[in-house]
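*Asks:* this one's sequence-less:
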Ligand code: 13P
Ligand code: SF4
């Protein structure tokens with residue numbers, strides 16, 4: 001007898017048929033996009049209507065490559081601040097727009113640049129690997145950047161005789177340390193969204209859907225990662241769902257991911273990973289972007305990302321190293 005769930009799970013079933021027509025706001029965005037020669041890129045956690053009008057939807061790594069390679073004049077980044085900032089670091093001459101300047105990240109906030117600078121001063125000689133979910137100031141103090149999609153590969157590239165400090169996500173860092181066998185100092189930061197998933201709620205859901213593999217993001221806690229069938233970046237979740245013979249999956253990450261999975265793997269069913277209080281788990285920062293704010297950003301050519309040139313310059317090298325190492 002399956003254990004009783006505290007609430008009904010969020011289940012996205014296979015597509016019934018054709019997509020609904022675009023709304024007038026979506027149509028206007030596509031028109032403005034042409035006028036501005038803009039590229040719209042969106043993270044996998046964005047709402048469905050934004051993902052639908054984006055030129056590219058992906059994880060932090062894919063979005064970084066898109067931003068680095070575009071010849072558009074304007075990049076409209078539908079994601080959070082550190083992502084748009086990364087696009088500006090690699091494209092100083094372009095206009096980079098973020099629909100809502102307050103779309104921050106709790107993980108990024110957990111590592112202020114002055115604290116990292118102080119730590120490095122007291123502990124000289126460390127090789128600093130910064131997860132891309134950090135500010136430009138932290139990137140500027142780092143040796144190399146990584147995303148959840150390439151963290152293992154990046155750490156494997158670091159000379160064996162160097163001691164590593166991994167910032168700011170202790171959960172991703174712990175996962176990478178286990179996969180690479182590298183001992184690392186971990187900054188005590190975490191993502192407020194991913195640490196809300198618990199073994200207790202996942203066990204209840206799994207007893208209702210015993211055939212559904214669990215796929216979890218590495219920002220989850222170790223206990224949750226240990227019960228997952230696959231731990232990977234949001235982009236790799238798409239390939240996992242497509243290639244695995246299972247018909248349905250429990251997806252343990254921010255709930256916007258279900259939009260991407262539903263579109264790209266339309267024949268399968270996706271069940272949102274629950275928290276103790278809710279059947280799914282939204283990042284309040286990612287969800288600050290609305291379709292109207294996307295339209296307004298193109299209409300007003302703002303809010304625009306601005307960066308002091310010295311910080312941008314110092315933050316560029318470790319990003320470039322990452323892009324080169326993960327090609
Ligand atoms: P991905 O790079 O796997 O999409 O993760 C980004 C993120 O913010 C996770 O919380
Ligand atoms: Fe930051 Fe977590 Fe939101 Fe990702 S899901 S943007 S790590 S707060």
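*Replies:* Sure, I can see it. Values in this document were obtained by computation on a predicted structure and should not be read as measured data. Ligands and ions are numbered 1, 2, ... in the order given.
*Asks:* So which elements touch the top helix by length along the chain?
*Replies:* Assignment by DSSP state H gives helix 309-325 as the longest helix of the chain. Applying 3 or more CB pairs under 8 Å, 6 or more residues apart in numbering; DSSP states H and E, one finds that helix 309-325 contacts helix 60-69, helix 81-90, helix 136-140, strand 144-146, helix 151-156. Heads up, the C-betas are built off the backbone N, CA and C, glycines and all.
*Asks:* Could I get the buried residue list for the first one?
*Replies:* Of all the residues in helix 60-69, those buried under the rule 16 or more other CB atoms under 10 Å are 60, 61, 62, 63, 64, 66, 67.
*Asks:* What about the closest residue to the third one other than its chain neighbours, how many residues nearby?
*Replies:* Spatially, and ignoring its direct neighbours in sequence, residue 62 is nearest to residue 235 (5.6 Å; CB to CB, 6 or more residues apart in numbering). Counted with other CB atoms under 10 Å, residues neighbouring residue 235 total 20.
*Asks:* Mean confidence (pLDDT) on the helix or strand where residue 166 lies, please.
*Replies:* Secondary-structure assignment from DSSP states H and E places residue 166 in strand 164-167. Summarised as a single mean, pLDDT over strand 164-167 is 98.
*Asks:* same question, stretch 213-230
*Replies:* The model assigns stretch 213-230 a mean pLDDT of 98.
*Asks:* end to end, how far does it reach?
*Replies:* Its first and final residues considered, stretch 213-230 spans 8 Å by CA to CA, to the nearest Å.
*Asks:* Just send the helices and strands packed on helix 309-325 back as JSON lines, with distance to residue 293 and mean pLDDT too.
*Replies:* Formatted as JSON lines, those follow (distance: least, CB to CB, whole Å; pLDDT from 0 to 100):
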{"stretch": "helix 60-69", "distance to residue 293": "18", "mean pLDDT": "90"}
{"stretch": "helix 81-90", "distance to residue 293": "13", "mean pLDDT": "96"}
{"stretch": "helix 136-140", "distance to residue 293": "22", "mean pLDDT": "98"}
{"stretch": "strand 144-146", "distance to residue 293": "27", "mean pLDDT": "98"}
{"stretch": "helix 151-156", "distance to residue 293": "31", "mean pLDDT": "97"}
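*Asks:* Out of the ones you listed, which is the most enclosed?
*Replies:* strand 144-146 (a mean of 27; mean count of other CB atoms under 10 Å).
*Asks:* related to what we said a few turns ago, what pairs with the strand holding residue 166, parallel or antiparallel?
*Replies:* Next to strand 164-167 in the sheet, as set by DSSP bridges, lie strand 127-131 (parallel), strand 184-186 (parallel).
*Asks:* for those strands, which one sits closest to residue 255?
*Replies:* Among those, strand 127-131 comes nearest to residue 255, with 21.3 Å by CB to CB.
*Asks:* what is the mean pLDDT for that closest one?
*Replies:* Mean predicted confidence for strand 127-131 is 98.
*Asks:* picking up where we left off before, and of the helices and strands packed on helix 309-325, who's closest to residue 269?
*Replies:* Nearest of the helices and strands packed on helix 309-325 (CB to CB): helix 60-69, 24.6 Å.
*Asks:* That closest one close to ligand 1?
*Replies:* Yes - Helix 60-69 reaches ligand 1 (CB under 6 Å from any ligand atom) through residue 60.
*Asks:* what does the stretch 101-250 of the chain have sitting close to ligand 1?
*Replies:* Near ligand 1, when you scan the stretch 101-250 of the chain using CB under 6 Å from any ligand atom, you find 133, 147, 148, 149, 191, 217, 219, 233, 234.
*Asks:* Next one: the first one from residue 104, what distance?
*Replies:* This points to residue 133. Residue 133 sits 10 Å away from residue 104, going by CB to CB, to the nearest Å.
*Asks:* a markdown table for the strands paired with strand 164-167, including distance to ligand 2?
*Replies:* Shown next, in a markdown table, are the strands paired with strand 164-167 (distance: least, CB to the nearest ligand atom, whole Å):
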| stretch | distance to ligand 2 |
| --- | --- |
| strand 127-131 | 9 |
| strand 184-186 | 16 |
